[in-house]
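>>> sequence first, predicted model second:
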Amino acid sequence: MQIISLNVGTVMSCKDSLSTAGQTFLSAIHKSSISSVENPKAVQVNFLGLEADEQADTSVHGGHDKALYAYPIEHYSFWENTVQSELHAQKTFAYGHFGENITISGLLEHDVWVGDLWFIGDLELRVTKLREPCFKFNAKMDYKKAAKTMVKTAKSGWYLKVIKEGVVQAGDAIKVINGPKKISIKHQNDALMSAK
């Protein structure tokens with residue numbers, strides 16, 4: 001279990017090509033890698049997330065309980081295949097494509113429990129909840145069923161709270177201490193799907 005990439009973005013105006021009115025919205029979903037396993041660099045993490053990262057709407061991403069968004073690299077091939085199958089487009093996604101701050105390997109939604117503690121060097125994090133995708137994710141993917149597919153397949157990723165600030169870089173190992181194991185991120189996806 002390790003960090004593959006650390007990704008940041010700035011708030012910008014984005015166009016929703018899926019809306020008939022050509023709606024625009026503010027978002028920092030367009031993130032770029034600033035530290036990868038191919039080019040590792042130390043990055044400061046504070047209580048509100050990665051240094052230099054921004055969020056447009058902290059009610060859905062950001063703040064103390066959702067300071068960091070983690071997404072498994074293992075899901076990238078699923079999305080590349082889905083886009084090819086559904087949209088007949090060949091795409092390869094760069095780190096951070098799904099709006100995540102931390103691209104990770106070795107953990108999936110059924111392995112991750114609310115309350116789990118992560119230790120990465122001096123940094124201490126706690127898993128808080130799944131990501132609930134919205135129309136902004138559909139717009140980013142240019143695929144109107146992207147958000148529903150993310151939840152239905154339990155490929156949502158999850159949010160982390162920063163318990164202890166620190167410096168991390170891509171390639172760092174993630175040590176996990178399980179919490180109470182009452183509800184996994186996959187359970188949250190299943191419950192969200194049942195409610196829709």
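Now that the structure is in, tell me what you want to look at.

>>> every contact and neighbour count from this point should use C-alpha atoms.
Will do.

>>> what bridges to V176?
Counting by DSSP bridges, V176 is bridged to W118.

>>> these two touch, right, it and D116?
Yes - the criterion here is C-alpha atoms under 8 Å, and V176 meets it with D116 at 6.8 Å.

>>> start to end distance for stretch 89-100?
Its start and end residues considered, stretch 89-100 measures 23 Å (C-alpha to C-alpha, to the nearest Å).

>>> please apply the same query to stretch 91-109.
24 Å.

>>> ok, now stretch 2-16?
In stretch 2-16, first residue to last residue: 34 Å (C-alpha to C-alpha).

>>> then stretch 108-124?
19 Å.

>>> what average pLDDT does it get?
For stretch 108-124, the mean per-residue pLDDT is 96.

>>> low-confidence ranges, this structure, go.
Within the chain, the stretches with pLDDT under 70 are 20, 196.

>>> and the strands in it?
Ranges of strands within the chain are 2-8, 12-15, 24-27, 32-36, 43-46, 49-50, 68-72, 102-105, 117-120, 123-130, 158-164, 166-168, 175-177, based on DSSP state E.

>>> what comes into contact with stretch 15-28?
9-14, 54-57, 99, 136, 138-140, 142-144 (C-alpha atoms under 8 Å, 6 or more residues apart in numbering).

>>> again, only using 6 Å
G9, T10, V11, M12, S13, C14, Q55, A56, A139 (C-alpha atoms under 6 Å, 6 or more residues apart in numbering).

>>> nearest to A195 among these?
A195 lies nearest to A139 out of the contacts of stretch 15-28, by C-alpha to C-alpha, at 23.0 Å.

>>> distance check, the spatially most central residue of the chain against V8.
Centroid check for the chain by C-alpha atoms, centre = their mean gives E100 as the closest residue, at 3.2 Å. According to C-alpha to C-alpha, E100 and V8 sit 8 Å apart.

>>> returning to what we had before: to L87, which of the strands of the chain lies closest?
strand 12-15 (18.8 Å).

>>> pull up the pairing partners for the closest one, direction included.
strand 24-27 (antiparallel).

>>> any idea how far the partner strand is from the chain center?
Chain-centre distance of strand 24-27: 18 Å, with C-alpha atoms, centre = their mean, to the nearest Å.

>>> before we move on, what about stretch 93-112?
That offset, for stretch 93-112, works out to 6 Å (C-alpha atoms, centre = their mean).

>>> and if you look at stretch 135-153?
Worked out by C-alpha atoms, centre = their mean, stretch 135-153 lies 13 Å from the chain centre.
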